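Novice: Here is a sequence with its predicted model. Questions after.
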Amino acid sequence: MNVLAAENFIVNELRRGLSPTLYYHGLHHTLDVAAVAQELAAAEGVTDPEALALLRTAALYHDAGFLHSYQGHEDQGCALARATLPDFDFSPEQIEQICGLITATKYPQEPHNHLEEIICDADLDYLGRTDFVPISTSLFDELTARQLIADEHAWFQLQARFLASHHFWTRTAVARRAAPKQARLDHILALLTNWPAADGAA
């Protein structure tokens, strides 16, 4: 399999074809997930070259479905992987593993193996990072542009539900990100508790 050629192909497709209003799900997010997936794989002791190649390819394709659809983009990403990866000498079995990795990132996440746990944690790594606020704000802007969120109060309610229901899967991500993510949830819950006063002050 020609991983580098596949990477160049899909990165160029994303750079050329993604909507400029995908403020969160842009190429920058895909590249971030690919990098974090590699970091987590190393920390988790994954050394098999084929496994690492499939993980990276899946990370680069995991949001490629946004080229065609906002809803159900994981299925579209799998379809794109099946249509294009044979050109780069990926076997049917390898492509199905990649589709499994892409599908695992659908929320609520349901990983079935170690690599799927890694890509799930890479996809939502920002939940426990110091750049949470600018990244989450970009998602708010993306949803607002599509009229999928009513206002800031509804957004914080959605954030609180999402953070409360989410959990990391790998030991590495739990150790690195779970505590900061909980602190972020506590902060948002406090914001919501005091929302009328905060709203009035504004």
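Specialist: Perfect, thanks for sending it.
Novice: could you pull out the strands for the protein?
Specialist: For the chain, applying DSSP state E gives no strands.
Novice: Which helix in it has the most residues?
Specialist: When the chain is parsed with DSSP state H, its longest helix is helix 171-193.
Novice: Would you mind pulling up the elements that that one packs against?
Specialist: Secondary-structure packing of helix 171-193 (3 or more C-beta pairs under 8 Å, 6 or more residues apart in numbering; DSSP states H and E): helix 27-43, helix 114-123, helix 152-165. The C-beta positions use only the backbone N, C-alpha and C, and glycine is treated the same way.
Novice: which residues touch the spatially most central residue of the chain?
Specialist: The chain has Asp123 as the residue nearest its centroid, 2.9 Å off, counting by C-alpha atoms, centre = their mean. By C-beta atoms under 8 Å, 6 or more residues apart in numbering, the residues touching Asp123 are Val33, His62, Thr105.
Novice: Which one (most neighbours) among those?
Specialist: The residue in the contacts of Asp123 with the most neighbours, by other C-beta atoms under 10 Å, is His62 (30 neighbours).
Novice: Check what pLDDT that residue gets.
Specialist: His62 carries a pLDDT value of 97.
Novice: go on, Ala150?
Specialist: 93.
Novice: okay, now it: neighbour count?
Specialist: Ala150, neighbours per other C-beta under 10 Å, totals 12.
Novice: which non-adjacent residue is nearest Leu40?
Specialist: In space, and not counting its chain neighbours, Leu40 is closest to Ile118: 4.8 Å by C-beta to C-beta, 6 or more residues apart in numbering.
Novice: rewinding a little: show me which parts of the longest helix of the chain are buried, residue by residue.
Specialist: For helix 171-193, the neighbour count (16 or more other C-beta atoms under 10 Å) marks Thr172, Ala173, Arg176, Arg177, Lys181, Arg184, Leu185, Ile188 as buried.
Novice: now swap in stretch 8-21 and tell me
Specialist: Across stretch 8-21, burial judged by 16+ other C-beta under 10 Å covers Phe9, Ile10, Val11, Glu13, Leu14, Leu18.
Novice: Mind putting these into JSON lines with distance to Trp195?
Specialist: Formatted as JSON lines, these follow (distance: C-beta to C-beta, whole Å):
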{"residue": "Phe9", "distance to Trp195": "46"}
{"residue": "Ile10", "distance to Trp195": "42"}
{"residue": "Val11", "distance to Trp195": "41"}
{"residue": "Glu13", "distance to Trp195": "42"}
{"residue": "Leu14", "distance to Trp195": "37"}
{"residue": "Leu18", "distance to Trp195": "34"}
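Novice: Show me which pair in those residues is furthest apart.
Specialist: Farthest pair in these (C-beta to C-beta) is Phe9 and Leu18. Separation: 14.5 Å.
Novice: number of nearby residues for Ser120?
Specialist: One correction, residue 120 is Cys, not Ser. Cys120: 27 surrounding residues under other C-beta under 10 Å.
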